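Asks: This is a predicted model, with the sequence first.
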Amino acid sequence: MVTSGMMLKVHECWSDTLTDVKPGEQVLIVLDTATSQRIAEMAAQAVRERQATPVIAVIDPLPLPNAEPQRRWRRPWARQM
């Protein structure tokens, strides 16, 4: 359960982290399905407060904490040969 105190800490953390974000930039927020959507919403709000655009991506949980997802990018708009 995510409490309001936890949400305030998340917002403060994001506000401190986003000091280099410039107005008009896009910021990618990645979370997994095991993470509360409210945390991503708070992060997105901190991005909006800097007049930037948040983009939220949700992935399946990874096998290890802080692991990087595999980088097999697929371009659905690219024509198949």
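Replies: Structure's in. What do you need?

Asks: Run through the helices of the protein in chain order.
Replies: Assigned by DSSP state H, the helices in the chain fall at 4-17, 37-48.

Asks: In contact with the residue positioned nearest the centre of the chain, which residues?
Replies: Taking Cα atoms, centre = their mean, the centroid of the chain lies closest to Ile29, which sits 1.4 Å from it. Ile29 makes contact with 40, 43-44, 47, 54-57 under the criterion Cβ atoms under 8 Å, 6 or more residues apart in numbering. Glycine gets a C-beta too; all of them are placed from N, C-alpha and C.

Asks: Just the buried residues of the residues you listed.
Replies: 40, 43-44, 47, 54 (16 or more other Cβ atoms under 10 Å).

Asks: Where does pLDDT dip in the chain?
Replies: 1-2, 7, 10-11, 14-15, 72-81 (pLDDT under 70).

Asks: number of nearby residues for the nearest residue to Thr53 once chain neighbours are set aside?
Replies: Leaving aside its chain neighbours, Thr53 sits nearest to Gln26 (4.8 Å; criterion: Cβ to Cβ, 6 or more residues apart in numbering). Look at Gln26: counted by other Cβ atoms under 10 Å, it has 10 neighbours.

Asks: In this structure Gln26 contacts Gln51, no?
Replies: No - between Gln26 and Gln51 there is no contact, the gap being 11.7 Å when judged by Cβ atoms under 8 Å.
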